[in-house]
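1. could you look at this predicted model? Sequence included:
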Amino acid sequence: MKKAILLLMSVQFFVYLGFGIIIPILPEVILEQGYSEVHVGGLLTIYALASFFTAPLWGALSDRTGRKKLILIGLLGFSMSFVLFASFIEVLPMLYVSRIVGGIFSGALYTAVTGFVADMTTEEERNKYMGLLGMSIGLGFIFGPAIGGLLGTITLQLPFIVSAILTLLLVVYASLILKEPESRADARKRAIVPKGAKTLWLYRIRYLFLFSFMVTFLLAGLEATFQLFQINKIAITPLQLGYLFMASGLVDAIVQGGIVRRVKNGQETKWIIGAQVVTAIGLLLMLFTGSLLWAGFALSVFTAGNALARTVLVSLTTKESGGMYGTAAGMTYSMDNMGRIIGPLLFTWIFTVQPDKVYVLSSVLAILSISLIILFRKSNHSLKNENPAPS
């Protein structure tokens, strides 16, 4: 299991490294070619849209055909998206194509990896391993922008070429090391399973999907407005911003690697509620920014709450999926991407109208979203309660 977990952690790391690596490069690519700045947002949004529409399909496919195959396909497709971006960096339509390809295959990787871990773990140990995957995601976000900025000083294409090569090497390693996990008993024994993703929305797991949207919605809103807000407050520079996000990324990794594994089976909702309260506190602390140190402290508090809620939620969702691990992961991934589509647009607009109100609203929404977890706890309409299908 250890080799498989390390490999799956590597997959998650490179997926989110690839997501982060474009952040410092994309504006320069667009402006250098004389394109409108609107395409910076367009290229980020199209990636999320592609993932949103295809992740549930990948998830259902991984439940039927197996995880390893989907991981290998996802890695090949993700590598191809980097090659396309580097090869056609001066051709705007092809940049959109490359981002669409990247979004599609990142969805395949996320759902297959999550389903793989769910297949090979018991409910008692799943929090621990989901935490390790979450730590890999946090590390990807830390190193992605840093590597993109460093290699981008040589040529703008180099970060994407390096990412493509590393991902291809991961394909070779995965094909040799990974063995298709045996489907757990609860992944096949329920009559409800073949009915597909729509059926999941008939059960209380729907509250977890909606909460997943809120968690990512708030995160994406902060990512879109934090720099603008801190420029007004403390005239923050891009270099200082990079330091702050690197520090918050380390907090993310620590929370997911050290705290999440301590969450006991059956205690997930308590931790999620507590995490969301911490998230709201972090957002309110933003309002009192008067120095770089305070801005970093507020960002780290927000990150700790958001990371804890996000990863425990993923684990709880797999437990509520009635064995449809890949399908549930695909639905969660799509809800996350919807948050990344709507969050930046809405919160940036609010910032242009009322800059000081953006984090007040965010914190209120964080607290209100706890009602979804309360509704989940009160409902007994769970896939776990379905009678096993007759053999």
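-> Now that the structure is in, tell me what you want to look at.

2. is G282 in a helix, a strand, or coil?
-> What DSSP: H, G, I helix; E, B strand; the rest coil gives for G282 is helix.

3. separation between I46 and G343?
-> 16 Å (C-beta to C-beta, to the nearest Å). From N, CA and C alone the C-beta is placed, and that goes for glycine too.

4. neighbour count for the two, which is higher?
-> Neighbour count, other C-beta atoms under 10 Å: between I46 and G343, G343 has more, with 24 against 20.

5. what's the closest non-adjacent residue to that one?
-> Among residues not flanking G343 along the chain, A220 sits closest, at 3.2 Å (C-beta to C-beta, 6 or more residues apart in numbering).

6. that neighbour contacts M338, correct?
-> No - with contacts counted by C-beta atoms under 8 Å, A220 stays clear of M338, the gap being 9.8 Å.

7. neighbour count for the two, which is higher?
-> The residue with more neighbours, out of A220 and M338, is A220; 24 against 20, by other C-beta under 10 Å.

8. and the helix or strand hosting the more buried one, what's buried?
-> If you go by DSSP states H and E, A220 is part of helix 205-234. Buried residues in helix 205-234, counting neighbours by 16 or more other C-beta atoms under 10 Å, are found at 205-209, 211-222, 224-226, 228-230, 233-234.

9. kindly report the same for stretch 160-175.
-> For stretch 160-175, by 16+ other C-beta under 10 Å, it's F160, I161, V162, S163, A164, L166, T167, L168, L170, V171, Y173, A174.

10. which one of those residues is nearest to T303?
-> S163 (24.2 Å; C-beta to C-beta).

11. helix or strand: which one has that closest one?
-> Taking DSSP H and E as the criterion, S163 maps to helix 158-177.

12. mean confidence for that helix?
-> Mean pLDDT, helix 158-177: 86.

13. mind giving me the packing neighbours of it?
-> When contacts are defined as 3 or more C-beta pairs under 8 Å, 6 or more residues apart in numbering; DSSP states H and E, helix 158-177 packs onto helix 2-21, helix 67-87, helix 123-152.

14. repeat that with 10 Å
-> Where contact means 3 or more C-beta pairs under 10 Å, 6 or more residues apart in numbering; DSSP states H and E, helix 158-177 is packed against helix 2-21, helix 67-87, helix 92-120, helix 123-152.

15. which of those helices is buried the deepest?
-> For those, average neighbour numbers computed from mean count of other C-beta atoms under 10 Å are highest in helix 92-120, which has a mean of 24.

16. show me which helix or strand of this structure is least confident by mean pLDDT.
-> Averaged element by element with mean pLDDT, DSSP states H and E, the chain has its least confident helix or strand at helix 197-200 (a mean of 67).

17. sketch out the low-pLDDT regions of the stretch 51-200 of the chain for me.
-> When residues are selected by pLDDT under 70, those of the stretch 51-200 of the chain lie in 122-128, 130-132, 134-135, 138, 141-142, 145-146, 149, 181-198.

18. how about the helix or strand harbouring L250: buried residues?
-> Here L250, judged by DSSP H and E, is contained in helix 238-254. Neighbour-count burial for helix 238-254, counted by 16+ other C-beta under 10 Å, picks out Q240, L241, L244, F245, A247, S248, G249, V251, D252, A253, I254.

19. of these, which one scores lowest on pLDDT?
-> Among those, L241 has the lowest pLDDT, at 67.

20. and the helices and strands packed on helix 158-177 as a markdown table, adding distance to E268?
-> Shown next, in a markdown table, are the helices and strands packed on helix 158-177 (distance: least, C-beta to C-beta, whole Å):
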| stretch | distance to E268 |
| --- | --- |
| helix 2-21 | 20 |
| helix 67-87 | 23 |
| helix 92-120 | 14 |
| helix 123-152 | 7 |
